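Colleague: Fold the following and give me the result.
(chains A and B)
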Amino acid sequence: MAANLSSIGAPYDAARVRRDFPILATHVNGHPLVYLDSAASSQQPLPVLRAVEDYARQSHANVHRGVHALSQAATAAFEGARERVRRFINARSTREIVFVRGTTEAINLVAQAYARPRFGPGDEILISALEHHANIVPWQMVCQQSGCTLKVAPINRRGELVYEEFERLLGARTRLVAVAQVSNALGTVLPVARIVADAHARGAVVLIDGAQAVPHARVDARALGADFYAFSGHKMYAPTGIGVLYAREELLGSMPPWQGGGDMIRTVSFEQSTWNDLPWRFEAGTPNISGAVGLAAAMDYLESLGIEAVAAHESRLLALATAALARVPGVTLVGTAAHKASVLSFTLAGVHAHDLGTILDAEGVAVRTGHHCAMPVMTFFGIPATARASFGCYNTEEDVARFIAAVGKAREVFG
Amino acid sequence: MDLKDLYRDVILDHNRQPRNFGPIEADGAEVQHAEGHNPLCGDRLTVYVRLNGERVEDVRFVGSGCAISTASASLMTEAVKGKDRAAVARLFDRVHTLLTHADAEPDAQLGKLAALSGVREFPARVKCATLSWHTLNAALERGAATVSTE
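Modeller: Take a look at the predicted model:
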């Protein structure tokens, strides 16, 4: 892999990394693609594409089911991927690694299998005002089902969690705290270590939505001490449809299954069924085997670049883009937290975000526009939508320059 | 794909200065209204109509949205004011065809609405242009709940 070289002391070579991603060579509307939507879904490098193809060409069969050679190869690839994930987030055991479709499914699993059976009236779930819908709606459903209450810790105008308010809301009734490590809409980095420590001190368990964090920061599940940690493959250079729920073994072992079917059972009779061991108890049905293989390859790839090197590179781009964008007349940055990662949300006076998105697209620049599945954040800032540029390991200073020029073009079009 | 085709001067003008913007005050005469919502981009608008028999006596709108949805709503109010319901329905069909058929030629009866023909080159934006029309239909049918493009 060409990009291996970049982690050996040499400066980070984004142009070289970019060449590992075939899709970035495409042209959009007559312009070379500038992809600034990695926070929605990142692109996949050659080693991931190859791993998925090799698996399909050489090893595919169903897992955990056959004695034949391919079934064993597929099982080895799938369980090997689980061990890769364990190492990537430094979990104690692969029994703590559940493969899911993505962060959304991971949170729903915890909501339905952990929270719903044990919470009732008087119990509280505490989230932040920054959360993605995936870390709001599953808890609202649990509240409707079990009678518990959802509490929301506010943010300030910079888009930072108001920690004193969070602490005030974290009380004896709080059973579970669920927060993002990095806000998808604003890029705010939350103080998750402090949140975990304070929540544990009050007897609450903690779920961290790590979807926006894993591609930008080394996550050490053991050191962080979170009870649940959820993330998706497709935001960290792996395919869609694969994600991970990390859950402390003690908690996972105490949870009833949430979906029934093949693979999650040990024995089935019409009178009664018994459950499989961890983690398979939570993986009913044939899993996304090739997705897991792709995820493992993406973790190899990201570590070959060096996550710290990638994060430092993205921080440079974010700082560069933030400074340049702030100089464009009419631009308002939305989300100006002291500690941010990779996300630049903004509005342009007189130009709706949707129009901005169309004009940028015409210039070959892909950004996300809309509410970013965080409608309450938009409501807080009193805006219907923002445009959001987000940076990945493959973005370059030239991408930033093209992006700023395209925003200038939008001002021109709208005169 | 040319931006000038989408953001024609007529569109930009009606976005900057939307016509018939603001509610119709209920002054004894019955005013019907409906709300439209495009969850994808957060566009929201309310269309008010005052009918005299079958005739659209007055039509106005309020709301916030992108240039395409605002301009389309503004152009719509100008186009349907004074028409009877059947003529409004025929006009909506013409606009819909214009927005969704690649080879549809704008006919003379569309007037300024022909400026919307560029939208069809941008499939993600067609809903922006049709939101106000769907909302007008709901208002004409009276008592309809919020219209959504999704």
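Colleague: which residues of chain A score low on pLDDT?
Modeller: Residues of chain A that meet the criterion pLDDT under 70 lie in A:1-10.
Colleague: How about the residues of it by chain B?
Modeller: Neighbours of chain B within chain A, by Cβ under 8 Å from any Cβ of the partner chain: A:29, A:350-355, A:358-359, A:362, A:369-371, A:378, A:384-385, A:413-415. For glycine as for every other residue, the C-beta is placed from the backbone atoms N, C-alpha and C.
Colleague: Name the residue of the stretch 201-350 of chain A that lies nearest to chain B.
Modeller: residue A:350 (7.9 Å; Cβ to the nearest Cβ).
Colleague: so what's the backbone phi/psi at the residue of chain A most remote from its centre?
Modeller: Residue farthest from the centre of chain A, counting by Cα atoms, centre = their mean, is residue A:271 at 40.5 Å. Dihedral pair for residue A:271: phi -80, psi -40, per degrees, to the nearest 10.
Colleague: do the same with residue A:292
Modeller: Given degrees, to the nearest 10, the pair of backbone angles that residue A:292 has is phi -60, psi -40.
Colleague: Residue A:88 now?
Modeller: phi -60, psi -40.
Colleague: can you give me the strands for chain B?
Modeller: Assigned by DSSP state E, the strands in chain B fall at B:31-38, B:43-52, B:55-64, B:147-148.
Colleague: Next, format the ones you listed as a markdown table and append mean neighbour count, distance to residue B:124 and mean pLDDT.
Modeller: A markdown table is the format used below for those (neighbours: other Cβ atoms under 10 Å in any protein chain shown; distance: least, Cβ to Cβ, whole Å; pLDDT from 0 to 100):
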| stretch | mean neighbour count | distance to residue B:124 | mean pLDDT |
| --- | --- | --- | --- |
| strand B:31-38 | 21 | 11 | 92 |
| strand B:43-52 | 21 | 13 | 93 |
| strand B:55-64 | 19 | 19 | 95 |
| strand B:147-148 | 18 | 16 | 68 |
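Colleague: Looking at those, which is nearest to residue A:333?
Modeller: Across the strands of chain B, residue A:333 has its closest neighbour in strand B:55-64 (20.5 Å, Cβ to Cβ).
Colleague: Now do the closest one against strand B:31-38: the angle between them, please.
Modeller: 40 degrees (axes from the mean of the first three to the mean of the last three Cα atoms, to 10 degrees).
Colleague: From the rest of the structure, what touches strand B:55-64?
Modeller: When contacts are defined by Cβ atoms under 8 Å, 6 or more residues apart in numbering or on different chains, strand B:55-64 is touched by residues A:384, B:18, B:20-24, B:29, B:36, B:43-51, B:70, B:73-74, B:76-77, B:80-85, B:88, B:132, B:135-136, B:140.
Colleague: So how do I select the buried members of the residues you listed in ChimeraX?
Modeller: Only the buried entries of the contacts of strand B:55-64 go into this ChimeraX selection, using 16 or more other Cβ atoms under 10 Å in any protein chain shown:
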select /A:384 /B:18,20,24,36,43,44,45,46,47,48,49,50,51,70,73,74,76,77,80,81,83,85,88,132,135,136,140
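Colleague: Tell me which entries of the contacts of strand B:55-64 lie within helices.
Modeller: B:70, B:73, B:74, B:76, B:77, B:80, B:85, B:88, B:132, B:135, B:136, B:140 (DSSP state H).
Colleague: Now the two most distant members of these.
Modeller: Top of the distance list for the ones in helices among the contacts of strand B:55-64 (Cβ to Cβ): B:70 and B:85, 24.3 Å.
Colleague: neighbours of the residue nearest to the residue of the stretch 201-350 of chain A closest to chain B when sequence neighbours are not counted, just the number please.
Modeller: Nearest residue to residue A:350, sequence neighbours excluded (Cβ to Cβ, 6 or more residues apart in numbering or on different chains): residue A:414, at 5.7 Å. Per other Cβ atoms under 10 Å in any protein chain shown, the neighbour tally for residue A:414 reads 20.
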